[in-house]
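Peer 1: show me how the following folds:
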Amino acid sequence: MATKTTAEKLATIQQGYTLEGATIELGAAIIDGELHKDAPVRLPLAMMNRHGLVAGATGTGKTVTLHMMAEQLSTAGVPVFLADIKGDLSGLATAAVGSDKLTARTQSIGQPWAGKAFPVEFLALGGDGNGVPVRATVTSFGPVLLSRIMELNDTQESSLQLVFYFADKNGLELIDLKDLRAVIQFLTSDEGKDKLEELGGLSKATAGVILRELVNLEAQGLEKFFGEPEFNTAELLRTAPDGRGVVTCLELPTLQTKPMLFSTFLMWLLADLFEDLPEAGDLDKPKLVFFLDEAHLLFNGASKAFLDAITTTVRLIRSKGVGIFFVTQTPKDVPADVLGQLANRVQHALRAFTPEDAKALKATVSTFPVSDYDLEETLTSAGIGEAVITVMNEKGAPTPVALTRLRAPESVMGPAEDALVRSTVAGSALLGKYGTAVDNPSAYEKLTGKAAAPTGKAAAPTGPAVPEPPADAPAGQSAPAGYDVDAEARRIEEEILGRPSSRPAPTPAPAPRAPRPPADPQPQSQPGGVMGDLGGVLGGALGGGLKSMARSMGTQLGRELLRGVFGTSSTRRRRR
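Peer 2: Got it, this is the predicted structure:
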């Protein structure tokens, strides 16, 4: 095979990255050691939901790369989710200041640069950090993800699924860890031994092991991550008033002590989006791009059920308009079934200091298309802020491999000032919804006979009774707060989620009620969508005395059907 000239290599890259639609500009190609700003390397915006991988050794610039991509996505009106593990991405909220060095770099790659700040929402897992607290109920989190955090084996995971089934079947709400503990304690008690036997595959010994692991979670202080109000993942799909996508940064400063929780919680967010979003087909731009940092934590020691669920989610969520980018050190950190679905690749430098590193290097090279580069040499010699790139073009084919000098971010590359983060959080519309934990009656109270302690906004009001809040209002809110929902929340449900908004718009005071008309002999549908209709139909067929039983059957059927690919079951889906 004849060796190509530099001009021929340049022409190949220029032709391969000539695209018609909107793009994310990544940088300029380096060919035979020379930078060519007339050979821009870019990624089609419409192909961002084909998923991707940003990989490279520590210190090679992975965080800066996803920072730069997030800026352009936001500018294009695409919401972005970032797992901000080190706090470095909070600088997106602050415009960068130019310098001679920065100007030289941007001019060398043909990048028009101006310092900009971007609309950022700061979240903190369970309130462990400066952001708005993010929580999930235990029942929403589901048995597969919870087993991952508890590090249960396959048998114990199957047994935990039976515990969730029992709770669902018997109307025992698993809101926080004490609810799950109460259910397991009941099943292992003399009072509940008959129920335990009915579950068949759940032995008392295995239930005891699960109970001990659950107590260990509580001892580690993980109970604050589970509870109400539960975070509505539709909040991740918001745009700012100026049309730019909101960049959501989720932090967990104590990641070193809770790595499994962090990575698993990210999958809960994705699973909830997967279950909630309608099919969208091919879009001009994605509804959301999700950057999953430290992706290796997600797969280390994962059960087969967990890996299968991840693979299914990644494969199918693309058609719902969500793109996922895994960020890790080497492609071998990602299972082959998942890696095969990552069409867009940004590979920073790898090191080959050990025999294991050399194996990883060869494996990485083998995953790239045939190119004009000696990739083993290129991947070990690439500088900071350079990466080997190939992406999916608008026709669904891979673009030529290109060593690329990457664009510089226009916001601060590093943490934002603490005062800015605090003021942003204090002014967030989400703080009123999720800022205060509540403890409503649930399985623990039902099984122990104890009343829930009043907490935050869930405390019972004194004086005259107030109207009940809407069905999807965050648990524990009073009626006025439940109805105080901005138009953006309704837009997300109606335009993005593709369903009628369950958040009522503010309405004037009702007019005096007219006299009630004669009873309609036809059975009426019950509230609650399909399951409510089922209750109404069965109730009409069986007689008014059995209507409540029929409605209960419909509700129970809904609970069993609405557990998703990870066994998740969000409060919103259960209430529809």
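Peer 1: which one's the longest helix in the chain?
Peer 2: As assigned by DSSP state H, the longest helix anywhere in the chain is helix 259-276.
Peer 1: what residues sit buried inside it?
Peer 2: Buried residues in helix 259-276, counted by 16 or more other CB atoms under 10 Å: 259-276. Just so you know, the C-beta spots here come from the backbone N, C-alpha and C atoms, and that holds for glycine as well.
Peer 1: and the strands in this protein?
Peer 2: Per DSSP state E, the chain carries strands over the ranges 23-31, 34-44, 52-55, 80-83, 120-125, 132-134, 247-251, 288-292, 322-328, 344-347, 386-390, 402-406.
Peer 1: tabulate these (CSV), appending mean neighbour count.
Peer 2: Formatted as CSV, the strands of the chain follow (neighbours: other CB atoms under 10 Å):
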stretch, mean neighbour count
strand 23-31, 23
strand 34-44, 19
strand 52-55, 26
strand 80-83, 27
strand 120-125, 24
strand 132-134, 24
strand 247-251, 27
strand 288-292, 26
strand 322-328, 25
strand 344-347, 26
strand 386-390, 24
strand 402-406, 26
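Peer 1: need those in a markdown table with mean pLDDT and distance to V412, can you?
Peer 2: What follows is the strands of the chain, written out as a markdown table (pLDDT from 0 to 100; distance: least, CB to CB, whole Å):
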| stretch | mean pLDDT | distance to V412 |
| --- | --- | --- |
| strand 23-31 | 97 | 20 |
| strand 34-44 | 96 | 23 |
| strand 52-55 | 96 | 20 |
| strand 80-83 | 93 | 14 |
| strand 120-125 | 94 | 11 |
| strand 132-134 | 94 | 21 |
| strand 247-251 | 93 | 13 |
| strand 288-292 | 93 | 18 |
| strand 322-328 | 93 | 19 |
| strand 344-347 | 96 | 21 |
| strand 386-390 | 97 | 21 |
| strand 402-406 | 97 | 17 |
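Peer 1: and N300, which of those is closest to it?
Peer 2: When the strands of the chain are compared by CB to CB, strand 322-328 sits nearest N300, at 10.9 Å.
Peer 1: select, out of the strands of the chain, the one closest to A93.
Peer 2: strand 120-125 (4.2 Å).
Peer 1: show me where the stretch 251-400 of the chain dips below the pLDDT cut-off.
Peer 2: Low-confidence segments of the stretch 251-400 of the chain, defined by pLDDT under 70: 255-256.
Peer 1: helices of that one, start to end?
Peer 2: 259-276, 296-299, 304-317, 336-339, 355-366, 375-381 (DSSP state H, counting those that start in this stretch).
Peer 1: one more: the stretch 51-200 of the chain?
Peer 2: 62-75, 100-108, 138-150, 154-169, 177-187, 193-198.
Peer 1: with just CA atoms, put the fifth one into CSV.
Peer 2: Read that as helix 177-187. What follows is helix 177-187, C-alpha atoms only, in CSV (Å, rounded to 0.1, in the frame of the first residue of the first chain):
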residue,chain,number,x,y,z
LEU,A,177,-34.2,2.9,54.4
LYS,A,178,-36.2,2.5,57.6
ASP,A,179,-39.2,1.5,55.6
LEU,A,180,-37.3,-1.3,53.9
ARG,A,181,-35.8,-2.3,57.2
ALA,A,182,-39.2,-2.5,58.8
VAL,A,183,-40.6,-4.7,56.0
ILE,A,184,-37.6,-7.1,56.2
GLN,A,185,-37.9,-7.2,60.0
PHE,A,186,-41.6,-8.0,59.7
LEU,A,187,-40.9,-10.8,57.3
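Peer 1: contacting residues for the residue nearest in space to the middle of the chain?
Peer 2: Taking CA atoms, centre = their mean as the criterion, L269 is the residue nearest the geometric centre of the chain, at 3.1 Å. Contacts for L269 (CB atoms under 8 Å, 6 or more residues apart in numbering) come out as F81, T233, L236, F290.
Peer 1: between these, which is nearest M47?
Peer 2: The closest of the contacts of L269 to M47 turns out to be F290 (CB to CB; 15.2 Å).
Peer 1: ok, the closest one touching F326?
Peer 2: No. Using CB atoms under 8 Å, F290 makes no contact with F326, being 9.6 Å away.
Peer 1: does V132 touch L125 like I think?
Peer 2: No. Using CB under 8 Å, V132 is not in contact with L125, being 10.6 Å away.
Peer 1: quick revisit: could you redo the strands of the chain as a markdown table and give each row distance to S371?
Peer 2: As requested, the strands of the chain are exported to a markdown table (distance: least, CB to CB, whole Å):
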| stretch | distance to S371 |
| --- | --- |
| strand 23-31 | 11 |
| strand 34-44 | 13 |
| strand 52-55 | 17 |
| strand 80-83 | 30 |
| strand 120-125 | 37 |
| strand 132-134 | 42 |
| strand 247-251 | 33 |
| strand 288-292 | 26 |
| strand 322-328 | 22 |
| strand 344-347 | 12 |
| strand 386-390 | 8 |
| strand 402-406 | 8 |
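Peer 1: ok, which of the ones you listed comes nearest L430?
Peer 2: Short answer: strand 132-134, nearest of the strands of the chain by CB to CB, at 4.6 Å.
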